[in-house]
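In: Sequence and predicted structure below; questions after.
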Number of protein chains: 2
Amino acid sequence: MASIKDVAKRANVSISTVSNALNGKSNVGEATRKRVLDIAKDMNYYPNTMARNLKVKKTNTIAFCFSEFERSFYLEIIRGINDCVVNHGYDLIICAHHSIERFLRDGFVDGALVLDKKVKDELILTTASEKLPIVVLDRAIKNKNIYSVIVDNYRVMTDLVKELIQKGYRKFSYIAGVEGTQDNRERFQGMKDMLEKHSIDFLPKQYYHGDFTEKSGYQAARLMLISKDIPEIIVCANDDMAVGAIRAFTDEGIVIPDQVGIVGFDDVDIANFIEPKLTTVSIPKYEWGMYAATVLFRVLQEKEEALVPNKILAHIKWRGSSR
Amino acid sequence: MASIKDVAKRANVSISTVSNALNGKSNVGEATRKRVLDIAKDMNYYPNTMARNLKVKKTNTIAFCFSEFERSFYLEIIRGINDCVVNHGYDLIICAHHSIERFLRDGFVDGALVLDKKVKDELILTTASEKLPIVVLDRAIKNKNIYSVIVDNYRVMTDLVKELIQKGYRKFSYIAGVEGTQDNRERFQGMKDMLEKHSIDFLPKQYYHGDFTEKSGYQAARLMLISKDIPEIIVCANDDMAVGAIRAFTDEGIVIPDQVGIVGFDDVDIANFIEPKLTTVSIPKYEWGMYAATVLFRVLQEKEEALVPNKILAHIKWRGSSR
DNA sequence: TTGTAAGCGTTATCAT
DNA sequence: ATGATAACGCTTACAA
């Protein structure tokens, strides 16, 4: 691979002249500049990024870290991020799993976006710096050089439940996601608070355990069937479980939404395909990614001070699975 | 950021001793080694990858290049690749779109996998080298240091059509994908050849143009309806178009598969949700990614000579949209 | 066992 | 306008 030396040799100039010519400095004669450029092109020469980065502390590269390949909506988020990054003339590298540490560590990138529950808070706290601002999309961290852009689960869930109450629903059940996850906590809390506000009871037995999988939703619904404890409306912590519940009821000839209503969260593809179509909460994924990247660039351009977490607003898609 | 110098200073040794200690060389005393390691840890020191790469020509990093965010099946492929790469103790960086050039150019990575139609053959041909073997997943390139791992569209399509013929179908139509793409070409050719082999006519008017989108499939089916030219079985170049066709017929009360059969290609999520469920071709995405990465590592470990293109076998999922 | 010094490919500073 | 040289952070002969 041709280096700056090779070009210098063939152009009969010093390497500094080559460097200057290539970087458009004004201190190089027009004739030499042209000659150097031609030769560089001819030799298929490109400056070595790593060597350059050793000197110049700017990589024009942003990292996006994620690892949950199961959930296809990450692609939309990546698309949003990518478009923003490219618009700013930067490069994007996406890294998965444990590679993250290395890339964040040593000035490989100018900034990072993280959407990976497996990345521990501690790693983020220790690697974020003036030189490497980090935007997190899956948690709320309040710290210097760290910025959160997260979905406002709580807010949209209160809205959803409020409207369900307005539609006349009183007897609620909740199929929960993995205990301890922030998503599950906020979504549940949103429902609970709104019910309370309307003085509607919510008993522990109305809370069904689940783990975000379709199967767990199916099983929770089976449990309701067996115990003959079918509510008026079931709020599920995500769509996959809602789909499972719909299947369980449909299998038993229970008609949705006439005999029981079901709502989910996420607006996955299937939500719009299953019969009846699922009422759910849609997260504007592309915009989420785009906005998160935008925040990062605002920071990089020093137009931004530390902020409260940026909340992305989701919106409700009313479909046939609820009245 | 702490550098090797800082560690050396605090440990009262030379930087080479630090380097040797950290890299587990045998030429360093047990006492010093421990002291250096402790200090390094305490200072939160990690060697700078770029500086190291400047010396040692090995990055232990593989790049995967893609850009078509629309198609969610890329996630599965990435998962396969990632698992393989991690198993080998390497890091994976995924890069999108134009960033590719830069990453491939200057020894950023030890090898690359490409699944991005937007990347031109020329770029691959010029960047692949002894130092940077490239595996392509979306085209067949026969060249030194370039290896293809591609889906055998032709083979599975001939199988599919053969079985359709055995099931009694004689009157075929084809809804094509984007003209000129290898996928469309191979899939169409597979069908055509098998029909020919069974002396079944296929006239130009039985070929309907499409562009891989659901809408184009819908329109092609509308065209059949209007011209009252409904075949016994419609072979679609992909699932999205097959879904469009199903919708078009269902809208008109045409019963599938009784009045017309439809088969697709890809086995997207919807294929298993739409009513009737779509007979289609399933590509083992995870395995595809895993295998492609495996080929790359075989090359890196010099266990592999240049090969004919590796073909991934797909298989047929018989469902309700065909007899 | 430890240290010195060269070199990887750049850019930046300072002479010339 | 051009060139010599130091420096970026690291590894690796080679010397001590």
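Out: Alright, I've got the coordinates.
In: Using PDB, list the CA coordinates for the stretch of helix or strand A:Phe249 belongs to.
Out: Using DSSP states H and E, the element containing A:Phe249 is helix A:239-251. Only the C-alpha atoms of helix A:239-251 are listed here, as PDB (Å, rounded to 0.1, in the frame of the first residue of the first chain):
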ATOM      1  CA  ASP A 239     -46.900  -6.500  21.300                       C
ATOM      2  CA  ASP A 240     -45.400 -10.000  21.200                       C
ATOM      3  CA  MET A 241     -47.200 -10.900  24.400                       C
ATOM      4  CA  ALA A 242     -50.400  -9.200  23.100                       C
ATOM      5  CA  VAL A 243     -50.200 -11.400  20.100                       C
ATOM      6  CA  GLY A 244     -49.800 -14.500  22.300                       C
ATOM      7  CA  ALA A 245     -52.800 -13.500  24.200                       C
ATOM      8  CA  ILE A 246     -54.900 -12.900  21.100                       C
ATOM      9  CA  ARG A 247     -54.000 -16.400  19.900                       C
ATOM     10  CA  ALA A 248     -54.900 -18.000  23.300                       C
ATOM     11  CA  PHE A 249     -58.300 -16.400  23.300                       C
ATOM     12  CA  THR A 250     -59.000 -16.900  19.600                       C
ATOM     13  CA  ASP A 251     -58.100 -20.600  20.000                       C
END
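In: Could you check it and say which residues are buried?
Out: A:Asp239, A:Asp240, A:Met241, A:Ala242, A:Val243, A:Gly244, A:Ala245, A:Ile246, A:Arg247, A:Ala248, A:Phe249 (16 or more other C-beta atoms under 10 Å in any protein chain shown). All C-beta spots, glycine's among them, are computed from the backbone N, C-alpha and C.
In: Kindly report the same for stretch A:110-128.
Out: A:Asp110, A:Gly111, A:Ala112, A:Leu113, A:Val114, A:Leu115, A:Asp116, A:Val119, A:Leu123, A:Ile124, A:Thr127, A:Ala128.
In: swap in stretch A:143-159?
Out: Quick answer for stretch A:143-159 (16+ other C-beta under 10 Å): A:145-154, A:156-159.
In: confidence score at the residue nearest to A:Ile124 when sequence neighbours are not counted?
Out: Closest residue in space to A:Ile124, ignoring its immediate chain neighbours: A:Ile134 at 5.8 Å, by C-beta to C-beta, 6 or more residues apart in numbering or on different chains. Looking at A:Ile134, its pLDDT reads 94.
In: ditto for A:Met50
Out: At A:Met50, the pLDDT recorded in the model is 86.
In: can you confirm A:Val86 is in a helix?
Out: Yes. According to DSSP: H, G, I helix; E, B strand; the rest coil, A:Val86 belongs to a helix.
In: was I right about it contacting B:Cys95?
Out: No. Using C-beta atoms under 8 Å, A:Val86 is not in contact with B:Cys95; the gap is 11.4 Å.
In: neighbour count winner among these two?
Out: B:Cys95 (27 against 16; other C-beta atoms under 10 Å in any protein chain shown).
In: Just want the phi and psi numbers for that one.
Out: B:Cys95 adopts backbone torsions of phi -130, psi 150, taken as degrees, to the nearest 10.
In: ok, now A:Val281?
Out: Torsion angles, degrees, to the nearest 10, at A:Val281: phi -110, psi 130.
In: what's the neighbour count on it?
Out: A:Val281, neighbours per other C-beta under 10 Å, totals 23.
In: What segments of the stretch 51-200 of chain A are helices?
Out: Counting by DSSP state H, counting those that start in this stretch, one finds helices in the stretch 51-200 of chain A at the ranges A:74-87, A:99-105, A:121-127, A:153-166, A:182-197.
In: can you list contacts of the very next helix or strand once past the longest one?
Out: Translated: helix A:182-197. Going down the chain from helix A:182-197, the next helix or strand is strand A:207-208, by DSSP H and E. Residues from elsewhere that reach strand A:207-208 (C-beta atoms under 8 Å, 6 or more residues apart in numbering or on different chains): A:Ser173, A:Tyr174, A:Ile175, A:Ala176, A:Phe188, A:Ala220, A:Leu223, A:Met224.
In: What about those residues, which are in strands?
Out: Counting by DSSP state E, the part of the contacts of strand A:207-208 found in strands is A:Ser173, A:Tyr174, A:Ile175.
In: The first one touches A:Leu223, doesn't it?
Out: No. Under the criterion of C-beta under 8 Å, A:Ser173 lies out of contact with A:Leu223, with a separation of 10.0 Å.
In: neighbour count winner among these two?
Out: A:Ser173 (24 against 14).
In: these two touch, right, A:Arg102 and B:Leu92?
Out: No. Counting by C-beta under 8 Å, A:Arg102 does not reach B:Leu92; the two are 11.1 Å apart.
In: higher neighbour count, those two?
Out: Neighbours per residue, other C-beta under 10 Å: of A:Arg102 and B:Leu92, the larger number sits with B:Leu92, 25 against 17.
In: Could you pull up the contacting residues of the more buried one?
Out: Counted by C-beta under 8 Å, 6+ apart, B:Leu92 has contacts A:Cys95, A:Ala96, A:His97, A:Ser99, B:Thr61, B:Ile62, B:Ala63, B:Phe64, B:Ile81, B:Asn82, B:Val85, B:Val86.
In: How about it: what's its closest non-neighbour residue?
Out: Per C-beta to C-beta, 6+ apart, closest to B:Leu92 is B:Val85, 4.4 Å.
In: now do A:Asp267
Out: A:Ser282 (3.8 Å).
In: Report the separation between that neighbour and A:Leu313.
Out: Note on A:Ser282: its distance to A:Leu313, by C-beta to C-beta, to the nearest Å, is 11 Å.
In: One more: A:Gly111?
Out: Using C-beta to C-beta, A:Gly111 is found at 24 Å from A:Leu313.
In: repeat for A:Arg185
Out: In terms of C-beta to C-beta, A:Arg185 sits 19 Å off from A:Leu313.
In: the more surrounded of these two?
Out: Neighbours per residue, other C-beta under 10 Å: of A:Arg185 and A:Leu313, the larger number sits with A:Arg185, 16 against 12.
In: quick one: low-confidence ranges for chain A?
Out: Chain A contains residues with pLDDT under 70 at A:69-72, A:303-308.
In: mind redoing it with 50?
Out: Along chain A, the model assigns pLDDT under 50 to no residue.
In: Enumerate the residues of it near DNA strand C.
Out: Residues of chain A lying near DNA strand C by C-beta under 7 Å from any atom of the strand: A:1, A:3-5, A:15-16, A:19, A:22-23, A:45-48, A:51-52, A:54-56.
In: sorry, back to before: run through the residues that contact the residue nearest to A:Asp267.
Out: A:Asp266, A:Asp267, A:Ala314, A:His315, A:Ile316, A:Lys317.
In: and the fourth one, how many neighbours?
Out: A:His315 has 12 neighbours, counted by other C-beta under 10 Å.
In: tell me the contacts of the residue in the stretch 101-250 of chain A positioned nearest to chain B?
Out: Residue of the stretch 101-250 of chain A nearest chain B, by C-beta to the nearest C-beta: A:Asp106 (4.4 Å). Going by C-beta under 8 Å, 6+ apart, A:Asp106 touches B:Met1, B:Tyr46, B:Pro47, B:Asn48, B:Thr49, B:Met50.
In: if you set the cut-off to 7 Å instead, what comes out?
Out: Shown in contact with A:Asp106 (C-beta atoms under 7 Å, 6 or more residues apart in numbering or on different chains): B:Tyr46, B:Asn48, B:Thr49, B:Met50.
In: again, but for A:Leu123
Out: A:Glu101.
In: So which of the contacts of A:Asp106 reach DNA strand D?
Out: Okay, of the contacts of A:Asp106 touching DNA strand D (C-beta under 7 Å from any atom of the strand), that's B:Tyr46, B:Asn48.
In: which of the contacts of A:Asp106 are close to chain A?
Out: B:Tyr46, B:Asn48, B:Thr49, B:Met50 (C-beta under 7 Å from any C-beta of the partner chain).
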